[in-house]
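> Following is a predicted model, sequence given first.
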Amino acid sequence: MDISLLPEEMRKKEEEERKRRVIFKQEPVALSAPPPQAPPPPPPRPVPASPPKLTPVLRPPAERPRPPAPVPPPSPKKNGNGNGKKTAPPPPKPALKTAPPRREAPILRVSLIPSEGAPGEAEGAGRRAVILAIILGILAVGLPTAVLRVLGRERALAIRDLEAEIMGLTSKTREVEQYLSAARDTERTVKSLAALIEGHRSLSAAFAAIERATLPEVSYLQLSTEGERGFSLQAAAPDFSDVARQIVAFRESPGVESAKIQSVAAQLAATGEVSAVSFSVSLILRPEAVKLSKD
């Protein structure tokens, strides 16, 4: 069956075929990575703007209005008739109106240069200021110095007075110390003398008790004390019997508490006989025998 195609359908088919051909003819897409790009250039550094230049603007001086020119008086002229009569003056010309002066803003003008007017007054004021400053400086330095000097003198005088008082007290203290040392020495001497006297009394009483118990045949060679009531005697007798009788006499004496013989030695003559016997005995006296001299 023959199917006749319409021109529109044919045109559509041709367009589709044309699109297919174009699609097939396209180049394949590259899958590789894009080439490295160069880094962008750094931005330019900002240049600081230069400060604006200030140019002084000088204002022109204000234009002052000029006074109108004086009009000369009319001179008498002869008329055309020549009669010499005065004619009426011509009418005056209207004065030209000038623009009013511009008012400028007030400007404060300060001059750093001292004015040259009245130099004598400025110099006089400066001199007075310098003289006043010198006087104040002298007073500021001199017054404290004078006060310090006065205070230093008073302090020195007070220190001297105190030193004199201290010296006087020191001398008096030394005198008192000397008196005290002399009194102490005197006290020691008195105590020593009292002790000697007391010892002499005790010894005298002890000697008296020992002498009362001593036989006439016995003689003492040495006497030494042993404590308050102890005595050690070294004596000599003609023979041993006299030594024995002396020991018995010591023990039986009422003033002797105990008597102990320490040693006995015999001295032989050339013939061999006993010429003398020396012995030592230790005695302890009774308290009553020592205190007899105090009563």
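Cool, the structure landed. Predicted, not measured: the structure shown is a model, and the values here were computed from it.

> Which residue ranges of this structure form helices?
Taking DSSP state H as the criterion, the chain carries its helices at 7-25, 119-212, 240-252, 287-290.

> what's near enough to touch residue 260?
Contact analysis of residue 260 by CB atoms under 8 Å, 6 or more residues apart in numbering lists 281, 282. Any C-beta I mention is one placed from the backbone N, CA and C, and that applies to glycine too.

> Could you give the bridge partners of it?
residue 282 (DSSP bridges).

> how near is it to residue 229?
Distance, residue 260 to residue 229, by CB to CB, to the nearest Å: 14 Å.

> do the same with residue 9
On the measure of CB to CB, residue 9 and residue 229 end up 179 Å apart.

> Those two: which is more packed in?
Legend: neighbour count by other CB atoms under 10 Å for residue 9 and residue 229, higher for residue 229 (17 against 11).

> so who does the more buried one touch?
With CB under 8 Å, 6+ apart, residue 229 has these contacts: 206, 257, 284, 285, 286, 287, 290.

> Which residue in those has the weakest pLDDT?
Lowest model confidence among those falls on residue 290, which carries 74.

> May I have the residues that are in contact with it?
202, 205, 206, 209, 228, 229.

> ditto for residue 164
Counted by CB under 8 Å, 6+ apart, residue 164 has zero contacts.

> do the same with residue 283
210, 230, 231, 232, 233, 250, 256, 258, 259.

> how many neighbours does residue 146 have?
With other CB under 10 Å as criterion, residue 146 counts 10.

> Would you mind measuring from it to residue 152?
Residue 146 is 11 Å from residue 152, by CB to CB.

> and residue 235, how many neighbours does it have?
That count, for residue 235 with other CB under 10 Å as the rule, works out to 20.

> That one: what's it in contact with?
By CB under 8 Å, 6+ apart, the neighbours of residue 235 are 218, 219, 220, 221, 246, 278, 279, 280, 281.

> so it bridges to which residues?
Beta-bridge partners, per DSSP bridges, of residue 235: residue 220, residue 279.

> Against residue 213, how distant is it?
For residue 235 relative to residue 213 (CB to CB), the value is 12 Å.

> Over to residue 168?
Distance from residue 168 to residue 213, by CB to CB: 67 Å.

> So which of the two has more stuff around it?
Per other CB under 10 Å, whichever of residue 168 and residue 213 has more neighbours is residue 213, with 20 against 10.

> And the pLDDT for residue 185?
pLDDT, residue 185: 89.

> Ignore what I typed, I meant residue 152.
On the pLDDT scale, residue 152 gets 84.

> that older thread, just the buried ones from the contacts of residue 283?
210, 231, 233, 250, 256, 259 (16 or more other CB atoms under 10 Å).

> Now do the same contact list for the second one.
Okay, so that is residue 231. Here residue 231 is in contact with 206, 210, 223, 224, 225, 282, 283, 284, 285 (CB under 8 Å, 6+ apart).
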